[in-house]
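Chemist: One predicted model, sequence on top.
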Amino acid sequence: MTLVKLEEFYPNYREEYSDIDDIKDFDVYAQTNDKVGSVHDILVDEQTGKFRYFVVDTGFWIFGKKVLLPVGLADIRYTDKRIYAKSLTKEQVENLPNLDELEKVDYDYEEQVRGVYRGSVATSGMTQPAAYDHSTYNYEQEPSLYDIDKQDSQSLKLYEERLIANKERRKTGEVAVGKHVETDTARVAVPVEKERVIIERTNPTNATPSNPDNAFREGEVARMDIYEETPDIHKEAIVREEVRVKKVVEHDTVQAQETVRREELDLDNDDRPIVDK
């Protein structure tokens, strides 16, 4: 169980816990309404972050002596900016060890401090802790010394309404882009060639008699190949056009207005001075 100073455990405690900053300036009084001194610092349990001791400068009783006051024995009065040390006597302050350096606050030092206060705790009817040693002691064993008493304080929570702006994504429509087949009649003109045979007969102008060798032979034939062109028409698919489908995000700001409620504090102090913290 290691104790550290408040600012070492909570470096930003002045911004986060303004009341704690005030406590470090509070005056300390005994139950007899005698001023003991003032709060010099606060010691925090390094493992749990809980307050364990107020470091009290007892300059009004014993000049130059600082002692540890367990937080369970402190009655904090924020309105008066005072801490009343329950059952604290000048004799106890004289018997408490002086706090010179925090490094000296070990288990034996705390036991010496607890031993001085346990006498006053016993007379107030508080339960004494069970048997323990250095390895088994726990602060929770002695709530009378280390639990902050909240019986003398009350809290009133003030609420207010706030507008919370959230967004949700919902489907507002759908765009379907598809394709279908349309038919049309296409016409194409293809020029083709076609061969035909023309037979011409002529009378020879030379009528001189002759006796050729191939005259009067049967079966003689003259052959000629005839060609014609026929159209070859077929269909093939080509890319006529390409369509790309995409979407873009447009930004807009939606204004909203609503009536909100807030609770304010009503004070009925019967003409008594009130410090609003």
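Modeler: Ah, there it is. Not measured: the values here are computed from a predicted model.
Chemist: Could I get the contacting residues of Ile226?
Modeler: Neighbouring residues of Ile226 by CB atoms under 8 Å, 6 or more residues apart in numbering: 195-197. Bear in mind the C-beta positions are built from the backbone N, C-alpha and C, glycine included.
Chemist: Look up how far Lys194 lies from it.
Modeler: 9 Å (CB to CB, to the nearest Å).
Chemist: Please apply the same query to Phe51.
Modeler: Per CB to CB, Phe51 is found 116 Å from Lys194.
Chemist: quick revisit: top of the contacts of Ile226 by number of neighbours, please.
Modeler: Glu195 (10 neighbours; other CB atoms under 10 Å).
Chemist: Wait, that one touches Tyr227, no?
Modeler: Yes. Using CB atoms under 8 Å, Glu195 is in contact with Tyr227, at 5.0 Å.
Chemist: just for the stretch 151-277 of the chain, where's the confidence low?
Modeler: 151-158, 207-210, 268-277 (pLDDT under 70).
Chemist: In it, what residue spans correspond to strands?
Modeler: Secondary structure of the stretch 151-277 of the chain (DSSP state E, counting those that start in this stretch): no strands located.
Chemist: quick one on the thing from earlier: looking at Phe51 and Lys194, which is more packed in?
Modeler: Phe51 (20 against 9).
Chemist: Now that one. Nearest residue, chain neighbours left out?
Modeler: Val71 (4.9 Å; CB to CB, 6 or more residues apart in numbering).
Chemist: Give me the distance between the one you found and Thr230.
Modeler: For Val71, the distance to Thr230 equals 113 Å [CB to CB].
Chemist: got it, and Val181?
Modeler: From Val181 to Thr230 the distance is 30 Å (CB to CB).
Chemist: neighbour-wise, which of these two wins?
Modeler: The residue with more neighbours, out of Val181 and Thr230, is Thr230; 8 against 4, by other CB under 10 Å.
Chemist: Report the contact partners of that one.
Modeler: With contact taken as CB under 8 Å, 6+ apart, Thr230 is in contact with Val192.
Chemist: Likewise for Val93?
Modeler: 36, 58, 61-62, 65, 67.
Chemist: how about it, secondary structure?
Modeler: Val93 carries the three-state label helix when classified by DSSP: H, G, I helix; E, B strand; the rest coil.
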